[in-house]
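# My questions concern the predicted model and sequence given below.
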Amino acid sequence: MHYQTEAWGAYMAPRTAGTDPLERVERLAAENAVVIFSISSCCMCHAVKRLFCGMGVNPTVYELDEDPRGKEMEKALVRLLGSSQAVPAVFIGGKLIGPMDRVMASHINGSLVPLLKEAGALWL
């Protein structure tokens, strides 16, 4: 897994009109084949990270509780998911797959592997 733990201020310009939390989430989600927004103490987040690693996928993980702007992004994910729980939020190929239940449903029905292959996250 590739964890992104750098502080936002280390590489982002000061807040401007184009840096709202939802836009940040969408931009980060599009930068890598598999992106997981997580909270380090969340057991469901841990389970989804283990699922991908067990499949041979190396997801990029953003631990929101370790990010100075994590709370803002968490609120944006709640709006995006239409749920009371923001994490884990999984993006594959820049597209929102959803929380743990949707990821597991995709895995069980066989649609997860083709998505991972299409995104370039899985070779076999």
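Now that the structure is in, tell me what you want to look at.
# C-alpha only now, for contacts and for neighbours.
Will do.
# which residues touch residue 33?
The contact partners of residue 33, taken as CA atoms under 8 Å, 6 or more residues apart in numbering, are 59, 91, 92, 93, 94, 116, 119, 120, 121.
# residue boundaries of the strands in this protein?
In the chain, the strands defined using DSSP state E lie at 2-4, 34-38, 60-63, 89-92, 95-98.
# Distance check, residue 44 against residue 51.
Computed as CA to CA, to the nearest Å, the residue 44 to residue 51 distance reads 10 Å.
# let me fix that: residue 63
In terms of CA to CA, residue 63 sits 17 Å off from residue 51.
# Model confidence for the residue positioned nearest the centre of the chain, exactly?
The centroid of the chain falls nearest to residue 36 when counting by CA atoms, centre = their mean (2.3 Å). Looking at residue 36, its pLDDT reads 97.
# now swap in residue 85 and tell me
Taking residue 85 on its own, its pLDDT is 86.
# Over to the one 3 residues further on?
At residue 88, the pLDDT value in this model is 95.
# For burial, what's the neighbour tally of it?
26 (other CA atoms under 10 Å).
# same thing with residue 83?
11.
# Would you report the backbone torsion angles of it?
As for residue 83, its main-chain torsions (degrees, to the nearest 10) stand at phi -140, psi 160.
# Run through the protein and note the low-pLDDT ranges.
Applying pLDDT under 70 to the chain flags residues 1-18.
# Going along the chain, name the helices of it.
Using DSSP state H, the helices of the chain run over residues 21-30, 43-54, 70-81, 100-109, 112-119.
# For beta bridges, what are the partners of the residue nearest to the centre of the chain?
In this structure, residue 36 bridges to residue 61, residue 90 when assessed by DSSP bridges.
# In contact with it, which residues?
Contacts of residue 36 by CA under 8 Å, 6+ apart are 49, 59, 60, 61, 62, 88, 89, 90, 91.
# Redo the residues you listed as TSV? Include distance to residue 101.
Conversion of the contacts of residue 36 to TSV gives the following (distance: CA to CA, whole Å):
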residue	distance to residue 101
49	13
59	18
60	19
61	18
62	19
88	10
89	10
90	11
91	14
